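> okay, here's the prediction I keep looking at, along with the sequence it came from:
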Amino acid sequence: MAAAESPSAALRRRDLCSRGIRLAGKMRADVVDLLDAYVEQQGLDASASVAAVEGVPLAAVERWDEQTGTQRLLENLAAYRAFRALLAQMLEEQREQLGEADAGLGRALAAVLLQVSAFAYHLEELLRLESRGIPGEEGDEEEEDGPPPPPRLSLFEQKLRGLGVLRELAQWAVRSVRDLRQLAKPSPATGAAPGLAESP
């Protein structure tokens, strides 16, 4: 069992969690708007079934309430690093397909990519507060920064993969809010936020 954290560290944690919750909420709203625009622009059926996106952990997890704070943060960080790489690829493909024909969609994608990058950095700050170290910090971030490039897909396959990426990102934003709310809860025993140093 780790020692109880100091009041200043607990306050810093709650502040980071509160700001993270706001970031995730804004990101989800923007992703939902982007999904609507993406489906319309790409001529897709909003209810189309898509395969799981390779390299992205699923937001749905069994025994969520049994996870430690560290597990929550590491899973979130792995997911958003993967999304960062996938969204960058989507943006590049979008520009290749349309050029400046739909600059609005490209700007919306770029804006969500910036939010994902900012949220990943925010998660890293929470992990640093825990003094756990950040995966990929020792000069190997390129290797850790999301999934490897997938094989070249047809245009329709690219569109479906993009739909899957945005859907899963929206689900992750919801889960991130839940995770950060859980981390921000004070421990009944110590008054400190639970789960980072030990399981709730």
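Sure, I can see it.
> which intervals of this protein have sub-threshold pLDDT?
In the prediction, the chain carries residues with pLDDT under 70 at positions 1-5, 98-102, 131-151, 187-200.
> try 90
1-13, 41-71, 92-106, 129-161, 184-200 (pLDDT under 90).
> in it, where's the longest helix?
helix 7-42 (DSSP state H).
> packing partners for whatever helix or strand comes next after it?
Following the chain from helix 7-42 toward its C-terminal end, the next helix or strand by DSSP states H and E is helix 69-98. Packed against helix 69-98, as judged by 3 or more Cβ pairs under 8 Å, 6 or more residues apart in numbering; DSSP states H and E, are the following elements: helix 103-130, helix 155-184. Where you see a C-beta, it was placed from the backbone N, CA and C, and this is true even at glycine.
> 10 Å instead, please
Identification of packing neighbours for helix 69-98 by 3 or more Cβ pairs under 10 Å, 6 or more residues apart in numbering; DSSP states H and E yields helix 7-42, helix 103-130, helix 141-144, helix 155-184.
> and of those, who's closest to Glu96?
The stretch from the helices and strands packed on helix 69-98 with the least distance to Glu96 (Cβ to Cβ) is helix 155-184; that distance is 9.6 Å.
> touching, Arg95 and Gly106? I think so.
Yes - applying Cβ atoms under 10 Å as the test, Arg95 and Gly106 come out as touching, 6.3 Å apart.
> still on that earlier bit, for Arg84, which of the helices and strands packed on helix 69-98 is the nearest?
Among those, helix 103-130 sits nearest to Arg84 (Cβ to Cβ), with 5.2 Å.
> identify the residues contacting Arg72.
Remark: with contacts taken as Cβ atoms under 10 Å, 6 or more residues apart in numbering, Arg72 is in contact with 61, 64, 123, 126, 175-176, 178-180, 182-183, 195-196.
> go with 6 Å
Shown in contact with Arg72 (Cβ atoms under 6 Å, 6 or more residues apart in numbering): Asp179.
> now do the one 5 residues further on
Counting by Cβ under 6 Å, 6+ apart, Leu77 touches Leu123.
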